[in-house]
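[1] fold the following for me, if possible:
(2 chains)
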Number of protein chains: 2
Amino acid sequence: MLLYERVAATLRAQITRGTLRAGERLPSVRQLAQGHGVSTATAVQTYLQLEREGLAVARPRSGFFVRAATPAAPAARLPRRRAPGEVDNPALRSVMELLARSDLLPLHSATPAPDLLPRAALTGSLSRCLRRTSAAALDYAPPQGHFALRRLLAQRYAQVGAEVSAEEIVLTGGAMEAINLSLRAVTSPGDVVIVETPTYHGILQAVAAMRLKVLEVPTRPGQGIDVARLEQLLQQTAVRAAVLVPNFNNPLGSLTCDADKRALVESCDRHGTVIIEDDIYGDLAWSGQRPSPLRRWDDGSTVISCGSFSKVLAPGLRLGWVAGGQWSEVLARAKFFTTVGGNSLTQLAIADYLQRHDLERHLRRLRRTLADNGQRLHDAIARYWPAETRVSEPQGGLSLWVELPGGADSRVLFEQALNRGIGTSPGVLFSSHGDYVDCLRLSCGLVWDERMDHAMRELGKMAAASSNCPSL
Amino acid sequence: MLLYERVAATLRAQITRGTLRAGERLPSVRQLAQGHGVSTATAVQTYLQLEREGLAVARPRSGFFVRAATPAAPAARLPRRRAPGEVDNPALRSVMELLARSDLLPLHSATPAPDLLPRAALTGSLSRCLRRTSAAALDYAPPQGHFALRRLLAQRYAQVGAEVSAEEIVLTGGAMEAINLSLRAVTSPGDVVIVETPTYHGILQAVAAMRLKVLEVPTRPGQGIDVARLEQLLQQTAVRAAVLVPNFNNPLGSLTCDADKRALVESCDRHGTVIIEDDIYGDLAWSGQRPSPLRRWDDGSTVISCGSFSKVLAPGLRLGWVAGGQWSEVLARAKFFTTVGGNSLTQLAIADYLQRHDLERHLRRLRRTLADNGQRLHDAIARYWPAETRVSEPQGGLSLWVELPGGADSRVLFEQALNRGIGTSPGVLFSSHGDYVDCLRLSCGLVWDERMDHAMRELGKMAAASSNCPSL
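    So this is what the prediction gives:
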């Protein structure tokens, strides 16, 4: 037996016996070498061996950890309500009110922590615009927004294979305004609109406020939108629009593959259904491979594509956009009479940032952190939560979707966690009629620290109590 | 005859003969003294005498001018359409598109020129927030907005006699977003809503987009909203809401007196009609006396009060608010699902500006300039436009309302002016069915210079041609 194999055997035994538990940090290479009286080369070889066996996992700049048994992913579910109907979900109001506290550990908030964003560079761009073009920065922007930024956005669309002109882009106060304007442009009260299930609660509230009826199409962990089911719904019902999140949807983080995207656009085109695409998470592929928006398979006659800098640069600057295709003039007019126009300073400063800085470089770092956080949350759940807990394996985005075992009610966990200063998003928020009572969403956007580890342990105990399963 | 009386007589004769024309600059005091071989004290006495006679007018830092014969004000008109109906005014689209040019002399734009706003102080506040609180400035604001600014706004309401709590204020992207959110909160499609006639076209477009029916209540030059007519309309029709601009409405600049305001609130309260008050021009009283908003006579059960910093600090920062009274929670929710929240940096920076700078001092200067511009436009019209042209005498705000003689069509003037690089707002923009074909709105917000004088002369010629009246 080689030296490194002998050291590996002792670690393997500790892991098997539970002396070293899933997710725990293994000794550093130096500690291992000193402890076993071997060279650092041998210590490194030991860890590479354990990694090959699937027992250890390396984390950049953190060292080696005991690999957790990966919890299974939740299965896709059909919505409880299958006919078109109005959104009827009291949690959308009550839960949101409870979360309006600034003292929570914000595991409920699917947004990157301020420290993960390029604050210094953005501050520089804002200051530069104030110094050099203060008159323009403080004066009205055109309703569509400043052309410089719209041109840069059109270039970014080209990079992911979508033909979008700068002229058809309207800048908005984030993606939610883009979605609201789009719904306004294409629907009338009473129209039927398809949304994914589960989906972001803001979309459900916007649809409800416009007095639209919803039909829910399942989106599947790991696979994205169920295109066959979508086609079936379109055949049965006249659907005016579909608000879809094909890239790393919120809460699942799943990705719809290119073949399905193309089929989906064709399907909607055939049935005269307008797609309002929310591509706000498209830049956050944990693999680093930026997927295309649906607009790649359309010329602007079926797909309205919405995006935002909120999840990659600065949520508080409220800068999003809509590539409106044939609706771009209607959208620009709606932008005018709802808000006159957007914030000039922000538009000019983000254009400046994009021209002076390498957004891709920042995105690479951000994606790695999010993926790393996702793994840490996975590990913590494997370590602290009930054994049968299921967890999504996101391909990107900012959140993890967790399914509690034993028919537990995540609203109970939500309340208990709130009492301990921990925010979670109960599953009932993510459907039109309060489905997913046993699920919850956790944010991957926080900076991992002791407090996070502690919170995950606390949540695990609560989950065990509420599901009558022993915590691990 | 005293010496100054003799000099005054020669000037009087020149004015009467037309050698010196209305609006023209009179010789400086020194020139007059030298020219007539009298002391400067005598020259000053001469001008004071002519001022007493109403023949000359002093302008701060500019000297004395020949006073123009003040054109008469336009009379109030009843709307052509008296029954509730949908907004049907194609000009709202076509004209707005033509005005989307950045190369025009913006006499169409009722907003203060950038040079009239406190750019350095605002830039300072923005830079300070970026330096000191960049994390908060770039992160999400609460849906209602940062409390610091809401508290300062509540204090400002208290100063004008209105009891508004910081808690009920929701910050918005300008007054138009405030009005849109308010309409959303209180109306359903098909409801009847009262608007003034003439009124700001943005309000008409917002009402149209919500599929509401409008009833128009006349607002009168110099007197404001016709309260008796309003009461009559409320008795005849079930009216859900009224969007009113009691302080220096756009385009007329007229002020509704306190007695009428109180009657108006009582009337709406009695009939269950919600008032959405647009108080965006309230700080721009040309007399300096800031009138109260309607909310002063209400406890938040009938009046929703909207305001903005767009017309006094910086249009491009898009910062307005709504004091929502009993609707404040509904409004905060609507703010969340339409835009998630407002721009954090802007909210924090304007709070900083209000704490460090004397807004009242800036407003005093701005009001004087606007009043002075109003007088100059008046003079220019008296001097260059057809004799029967009528002009509003605004008590505040940012615009002048002009009525052309001889049934002229202001759309013709609009097109001709556009060809010469001058923007005007044709009267048809300001009603639900294209009334006021013979009227137009001019901005008082530009910095007066040679180009302005030239433009007013050009417009006068076009007005004369289109009304078949000789220009003066």
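
[2] near chain B, which residues of the stretch 1-150 of chain A show up?
    Taking C-beta under 8 Å from any C-beta of the partner chain as the contact definition, the stretch 1-150 of chain A meets chain B at A:93, A:96, A:100, A:102, A:111, A:114-115, A:117, A:119-120, A:122-123, A:126-127, A:130-131, A:134-143. In short, each C-beta sits where N, CA and C put it, glycine included.

[3] mind jotting down where the strands sit in the stretch 1-150 of chain A?
    Along the stretch 1-150 of chain A, counting by DSSP state E, counting those that start in this stretch, strands occupy A:56-59, A:63-66, A:85-86.

[4] ok, back up a step: quick check: PyMOL command selecting the buried ones in the residues of the stretch 1-150 of chain A next to chain B.
    Selection of buried members from these for PyMOL, criterion 16 or more other C-beta atoms under 10 Å in any protein chain shown:
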select buried, chain A and resi 96+111+114+117+119+122+123+126+127+130+134+136+137+138+139+140+141+142+143
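
[5] could I get the strands of the stretch 1-150 of chain A in JSON lines, plus columns for mean pLDDT?
    What follows is these, written out as JSON lines (pLDDT from 0 to 100):
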{"stretch": "strand A:56-59", "mean pLDDT": "83"}
{"stretch": "strand A:63-66", "mean pLDDT": "87"}
{"stretch": "strand A:85-86", "mean pLDDT": "91"}
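
[6] in JSON lines, list the ones you listed along with mean neighbour count.
    Converted to JSON lines, those look like this (neighbours: other C-beta atoms under 10 Å in any protein chain shown):
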{"stretch": "strand A:56-59", "mean neighbour count": "17"}
{"stretch": "strand A:63-66", "mean neighbour count": "20"}
{"stretch": "strand A:85-86", "mean neighbour count": "14"}
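
[7] so can I have TSV of the ones you listed showing distance to residue B:250?
    Converted to TSV, those look like this (distance: least, C-beta to C-beta, whole Å):
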stretch	distance to residue B:250
strand A:56-59	60
strand A:63-66	64
strand A:85-86	38
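
[8] which residue is the nearest non-sequential neighbour of residue A:446?
    Leaving aside its sequence neighbours, residue A:446 sits nearest to residue A:113 (C-beta to C-beta, 6 or more residues apart in numbering or on different chains; 5.2 Å).

[9] what comes up buried for stretch A:200-212?
    In stretch A:200-212, counting by 16+ other C-beta under 10 Å, buried: A:200, A:201, A:202, A:203, A:204, A:205, A:206, A:207, A:208, A:209, A:210, A:212.

[10] oh sorry, the question was meant for stretch A:4-11
    Applying a neighbour-count criterion of 16+ other C-beta under 10 Å, the buried positions in stretch A:4-11 are A:4, A:7, A:8, A:11.

[11] looking at the residues you listed, which are in helices?
    Secondary structure defined by DSSP state H assigns A:4, A:7, A:8, A:11 of those to helices.

[12] if I look at the closest residue to residue A:108 other than its chain neighbours, how far off is residue A:392?
    Take residue A:108 and drop its neighbours on the chain: the residue closest to it by C-beta to C-beta, 6+ apart is residue A:423, 3.6 Å away. Distance, residue A:423 to residue A:392, using C-beta to C-beta, to the nearest Å: 19 Å.

[13] show me where the stretch 1-150 of chain A has helices.
    For the stretch 1-150 of chain A, applying DSSP state H, counting those that start in this stretch gives helices covering A:3-17, A:29-36, A:40-52, A:91-98, A:119-132, A:134-138, A:147-159.

[14] typo on my end, the stretch 201-350 of chain A
    Remark: helices assigned in the stretch 201-350 of chain A by DSSP H, counting those that start in this stretch are A:201-209, A:227-236, A:258-271, A:328-339, A:344-356.

[15] between the ones you listed, which one is nearest to residue B:461?
    Smallest distance to residue B:461 across these (C-beta to C-beta): 31.8 Å, for helix A:328-339.

[16] residues near the closest residue to residue A:88 other than its chain neighbours, how many?
    Distances taken as C-beta to C-beta, 6+ apart place residue A:433 nearest to residue A:88, at 5.8 Å, with adjacent residues excluded. Per other C-beta atoms under 10 Å in any protein chain shown, the neighbour tally for residue A:433 reads 17.

[17] give me the element residue A:433 is part of.
    Using DSSP states H and E, residue A:433 maps to neither a helix nor a strand.

[18] next, see if the longest helix along chain A gets close to chain B.
    Longest helix in chain A, counting residues (DSSP H): helix A:359-384. No: contact of helix A:359-384 with chain B is not found when judged by C-beta under 8 Å from any C-beta; the minimum separation is 13.7 Å.
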